[in-house]
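1. Provided below for reference: sequence and predicted model.
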Amino acid sequence: MAIQRVKSKWAKTKVLLRAEPLRERIPLTKRWNITDLAHMLDTYAMVYVKPDQGTFGLGVVRVEKRSSDLYTYQSGTLLQSFTSFEQMAASLRKRIGNRAYLIQQGIPLLTYEGLRFDIRVMVQMNPKNEWETTGIIGRVGHPKKIVTNYHSGGVPKSFNKLMGAYLTESQTRSYGAWLAELGTDVAKQLQTEYPRLKEIGIDIAIDQSFQPWILEVNTLPDPFIFRKLEDKKMFRRIYRYCLAYNRRLS
């Protein structure tokens, strides 16, 4: 039986929102429309506008309300400024066109050497047919870009190294265990709707108060990012599980 893939970020978010313990870990997310964009910018000052379907961070736009007469948005390395919400929204509407997009509450990320980073949590069905978190890795963003994806210039880094700048060794270990448990909780909840899932990659933002936020879930996660770590033990286990449930790896 083929491994299940779910492309729509909105569909996956709706399933996760059904679970009360996960709900508080999900940034406010709405389908793209101008009214909600205005309201969310008033509330959060920064939001991400991203395609409902897409990978590698392509098409993601960071939108900011810097003052009542300064709005900006950035996609890739291009930053544009506007003197009113209406100007900015018109430009953004033109860029998006008729494609399905989402608006997500912006989470101010922790930084490493001045660069923002987020966390990828890999969760797989193990040979005992149980969900297991098999890998946790950090992704440090390119200084000129808004996304941390490896394919968009992000640099993979050890979770322990990144969090070690903020937490003690034992605190980092405990935090990693918390994320591992969160990962299996997400997988189990998604499985209620998508029973043929075998693996997920969860993108998690950690805010200034060390609260984890589930940004999105990928059902075709890249296992090879873990090969970039110095210690290959994590990658070897991930690879072994992929082969066990017949994922085709190029």
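-> Arrived safely, thanks for sending. Residues are numbered from 1 along each chain as shown.
2. the longest helix belonging to the chain - contacts with which helices or strands?
-> Taking DSSP state H as the assignment, the helix of the chain that covers the most residues is helix 169-191. If you count contacts as 3 or more C-beta pairs under 8 Å, 6 or more residues apart in numbering; DSSP states H and E, helix 169-191 packs onto helix 9-17, helix 20-23, strand 115-125, strand 131-140, helix 159-163, strand 199-206, strand 212-218. (C-beta placed from N, C-alpha, C; glycine too.)
3. contact partners of that helix?
-> By C-beta atoms under 8 Å, 6 or more residues apart in numbering, the surrounding residues in contact with helix 169-191 are 6, 12, 15-16, 18-19, 21-22, 25, 119, 121-123, 131-133, 136, 159-160, 163-164, 167, 197, 200, 202, 204, 210, 212, 214, 217.
4. the inter-axis angle of it versus strand 199-206?
-> Interaxial angle of helix 169-191 relative to strand 199-206 (axes from the mean of the first three to the mean of the last three C-alpha atoms, to 10 degrees): 130 degrees.
5. i'd like the first residue to be 475 from this point on
-> Fine by me, first position is 475 from now on; the one you just mentioned is helix 643-665.
6. now do the buried residues in helix 643-665.
-> Neighbour-count burial for helix 643-665 flags 646, 649-650, 653-654, 656-661, 663-665 (criterion: 16 or more other C-beta atoms under 10 Å).
7. quick one: which of those is nearest residue 705?
-> Nearest to residue 705 among the buried residues of helix 643-665: residue 650, at 13.8 Å, using C-beta to C-beta.
8. in stretch 678-694, what counts as buried?
-> 678-680, 686-693.
9. and those, which two are the farthest apart?
-> Pairwise distances across the buried residues of stretch 678-694 (C-beta to C-beta) peak at 22.5 Å, for the pair 680 and 693.
10. how is this protein carved up into domains?
-> Using automatic domain parsing, the domains assigned to the chain come out as 503-579, 583-718.
11. gap between the shortest one and the chain center?
-> If I follow you right, that is domain 503-579. Offset of domain 503-579 from its chain centre (C-alpha atoms, centre = their mean, to the nearest Å): 17 Å.
12. before we move on, what about the longest one?
-> Between the centre of domain 583-718 and the centre of its host chain there is 9 Å, according to C-alpha atoms, centre = their mean.
13. do the same with stretch 481-491
-> 13 Å.
14. that one - what's its average pLDDT?
-> Mean pLDDT, computed over stretch 481-491, is 97.
15. check stretch 661-671 too.
-> 97.
16. give me the residues contacting stretch 564-575.
-> By C-beta under 8 Å, 6+ apart, the residues outside stretch 564-575 that reach it are 484, 505-506, 508, 511, 523-527, 535, 537, 547, 549, 554, 556.
17. now with 10 Å, please.
-> Outside stretch 564-575, the residues that touch it by C-beta atoms under 10 Å, 6 or more residues apart in numbering are 482-484, 505-508, 511, 523-528, 533-535, 537, 545, 547, 549, 554, 556, 558.
18. with stretch 487-496 instead?
-> With contacts defined as C-beta under 10 Å, 6+ apart, stretch 487-496 is touched by 480, 482, 497, 499-501, 503, 526, 576, 578, 656, 659-660, 662-668, 676, 688, 690-691.
19. how close does residue 511 get to residue 525?
-> 15 Å (C-beta to C-beta, to the nearest Å).
20. neighbour count winner among these two?
-> For residue 511 versus residue 525, the count of surrounding residues by other C-beta atoms under 10 Å is larger for residue 511: 21 against 18.
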